[in-house]
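Chemist: give me coordinates for this.
(chains A, B and C)
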Amino acid sequence: MITWFRREARDLPWRRPGFPAWGTLVSEIMLQQTQVARVVPRLEAWLTRWPTPADLAASPPADAVRAWDRLGYPRRALALHAAATAIATDHGNVVPRDVDALLALPGIGDYTARAVAVFAYGDRHPVVDVNVRRVLARAVLGQGQPGPAKAKHDLPLMESVLPADREDAAATNAAVMELGALVCVSRAPACDACPIADRCAWRAAGYPEHDGPRAPRQAKFAGSDRQVRGLIMAELRGSDVPVMRSEIEPVWPDAEQRDRALASLLRDGLAVGDDASGYQLPGV
DNA sequence: AAACCGTGGGC
DNA sequence: TGCCCAAGGTT
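Modeler: The predicted structure is shown next:
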């Protein structure tokens, strides 16, 4: 497993020697529900502009949202800015190493907290993302697809597979994740190229169809409030001055849905303003 | 705890 | 083409 990883691992920015913990944190938040290929260029630009948390904290949230551009889920940009502010003020501008301290930061949950502790600091924790859940579902549980994510179940399962040694455990976390991303993929797994095919419970059972509960499918995007929010955000990102309501109208025909989307953006803090002064990104 | 939150690539 | 999927988190 670890041998396979050392041979096959992709050359990614966050695997470079000396890559800062701050970079790991930024990369992990960017990678939430977002493909590696789309993250890499944004990550490099981000770290060049904001080399430390304090640098980001010194910029207005609007700059973070603009730099986020079209990565998606712009709340992440706002959360990252808030996390950087907390790190700069409460943690001496040093990304926390403790999992509970990381969990206390906005936008950081079970996966991201452990990913930072393990990949930035080399500590021994189970790291469970969608790739890991799929590999465990197949290799250990003998199921074709993972069920709904459940930390209470997923973390102990990964823990049971981790080597005792700290460095080996970190390498195993990365290796299982990489295996799920490159070989044990969701649709057409490349079992011929799998280093643990001879130990895979799913393969041994003859690849049975999945019967248990599946992870819930995403709601349709076309025509959704999420789509309208995205269109409004693109409008706000593209303007240096407040955007009037009349300028938002053209982005979507349904006025009621438009208003609902704008109201939700205001509630999320991704937009500020009113009809009189116009709407813009937060903090100038 | 189910629902919501963007965007784009692959097939 | 339309659907599945992607290094999840928050409410």
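Chemist: sec struct for A:Asn93, please.
Modeler: Under DSSP: H, G, I helix; E, B strand; the rest coil, A:Asn93 falls in the coil class.
Chemist: and for it, the neighbour number?
Modeler: Look at A:Asn93: counted by other Cβ atoms under 10 Å, it has 15 neighbours. Just so you know, the C-beta spots here come from the backbone N, C-alpha and C atoms, and that holds for glycine as well.
Chemist: wait, is A:Leu25 part of a helix?
Modeler: Yes. Counting by three-state DSSP, one finds A:Leu25 located in a helix.
Chemist: I figured it hits A:Ala86, correct?
Modeler: No. Here A:Leu25 does not reach A:Ala86: they are 11.6 Å apart, not a contact under Cβ atoms under 8 Å.
Chemist: need the contact list for whatever residue of chain A ends up closest to DNA strand C.
Modeler: Nearest residue of chain A to DNA strand C: A:Gly109, at 2.8 Å (Cβ to the nearest atom of the strand). Contacts here follow Cβ atoms under 8 Å, 6 or more residues apart in numbering; on that basis A:Gly109 touches A:Leu103.
Chemist: from the rest of the structure, what touches the helix or strand A:Arg203 falls within?
Modeler: According to DSSP states H and E, A:Arg203 maps onto helix A:201-204. Helix A:201-204 has contacts (Cβ under 8 Å, 6+ apart) with A:137-144, A:191, A:197, A:208.
Chemist: so which of the residues you listed sit within helices?
Modeler: Among the contacts of helix A:201-204, DSSP state H puts A:137-139 in helices.
Chemist: mind putting those residues into a markdown table with distance to DNA strand C and neighbour count?
Modeler: Formatted as a markdown table, these follow (distance: Cβ to the nearest atom of the strand, whole Å; neighbours: other Cβ atoms under 10 Å):
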| residue | distance to DNA strand C | neighbour count |
| --- | --- | --- |
| A:Ala137 | 11 | 23 |
| A:Arg138 | 12 | 26 |
| A:Ala139 | 15 | 22 |
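Chemist: which of those lies closest to A:Asn93?
Modeler: A:Ala137 (39.8 Å; Cβ to Cβ).
Chemist: thinking the closest one is in contact with A:Gly144, fair?
Modeler: Yes. Shown here, A:Ala137 and A:Gly144 form a contact pair, counting by Cβ under 8 Å, at 7.5 Å.
Chemist: how about the residues of chain A near DNA strand C?
Modeler: Residues of chain A lying near DNA strand C by Cβ under 7 Å from any atom of the strand: A:12, A:14, A:27-28, A:31-36, A:72-73, A:79, A:106-113, A:115, A:129-131, A:134, A:149, A:177-178, A:181, A:185-187, A:217-218, A:220-221.
Chemist: which parts of chain A sit against DNA strand B?
Modeler: Proximity of chain A to DNA strand B is confined to A:33-35, A:37-38, A:70-75, A:148, A:187, A:216, A:218-219, A:221, A:224-227, A:229-231, A:233-234, A:264, A:270 under the rule Cβ under 7 Å from any atom of the strand.
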